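A.B. asks: Structure here, sequence nowhere to be found:
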């Protein structure tokens, strides 16, 4: 009750629902061949409850001409329903496969790319980070060729626990970041201190202060998730709690959240 009453005293900007909400699709192949799930996603896009779709497991669907056509047709369908498509980039070969698909379907486009090289979990962290930077550079070059409507495609990174130096280097190369918040409650997200990553509010501050668009990721599935809270109180409540905690932070309260991402669509209740 205290949090709700306090939130009511904050500005209308904090109260307003974020303009953008992303959903990861765990299994693109299964979703595209399951009419009820496909229709549910289309419906959420129609009602602006979801604005971006991040489809996992695209690799096998880009292997042949017929499969690439199916992916292109699905991307076109998502666009017709008002969605934006953000493609995960696991490696340089994924860029080449997407380039082939887009060349075969010149009226199809994608709206952004995100890489998910978890360098912070690698024993050879320094090497892994440089591999990620090289991949981001390749994504940048490809994005310049995949313009749609005259605009350069944004490039982003999923991030867990970068150091301040790593965050500073990444901030010069990416447009947006999806930040991991593996917590069981929205109330724990802003103040969470990771055992090795430290205070995650600092990670948010490093990137947002550098002009990177920041998207917290909340989990409805995974090793640690907030599925019960999302089912009980809804996505709007989870997002409002995070934005309220950010707005009342004395040091970082003037920074903003671009949107929220969720993992995964298959496990999510309908947003409310």
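C.D. replies: All right, it came through fine. The shown structure was predicted, so the numbers you read here are calculated from the model rather than taken from an experiment.
A.B. asks: Which stretches in the stretch 51-200 of the chain count as strands?
C.D. replies: 52-55, 84-89, 112-115, 155-159, 176-180, 193-194, 198-199 (DSSP state E, counting those that start in this stretch).
A.B. asks: Adding distance to residue 138, write those strands out as a markdown table.
C.D. replies: For the C-beta atoms, the positions are set from N, CA and C on the backbone; glycine is no exception. A markdown table is the format used below for the strands of the stretch 51-200 of the chain (distance: least, Cβ to Cβ, whole Å):
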| stretch | distance to residue 138 |
| --- | --- |
| strand 52-55 | 19 |
| strand 84-89 | 9 |
| strand 112-115 | 9 |
| strand 155-159 | 10 |
| strand 176-180 | 17 |
| strand 193-194 | 29 |
| strand 198-199 | 30 |
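A.B. asks: which stretch among these comes nearest residue 228?
C.D. replies: Set against residue 228 and scored by Cβ to Cβ, these come closest in strand 176-180, at 19.1 Å.
A.B. asks: can you tell me the average pLDDT over that closest one?
C.D. replies: Averaging pLDDT along strand 176-180 yields 97.
A.B. asks: I'd guessed residue 217 sits against residue 264; true?
C.D. replies: No: the criterion here is Cβ atoms under 8 Å, and residue 217 misses it with residue 264 at 10.4 Å.
A.B. asks: More neighbours: these two, which one.
C.D. replies: residue 217 (21 against 18; other Cβ atoms under 10 Å).
A.B. asks: Wasn't the more buried one part of a strand?
C.D. replies: Yes: with DSSP: H, G, I helix; E, B strand; the rest coil as the criterion, residue 217 is assigned to a strand.
A.B. asks: Let's see the pLDDT reported for it.
C.D. replies: The model reports residue 217 with a pLDDT of 97.
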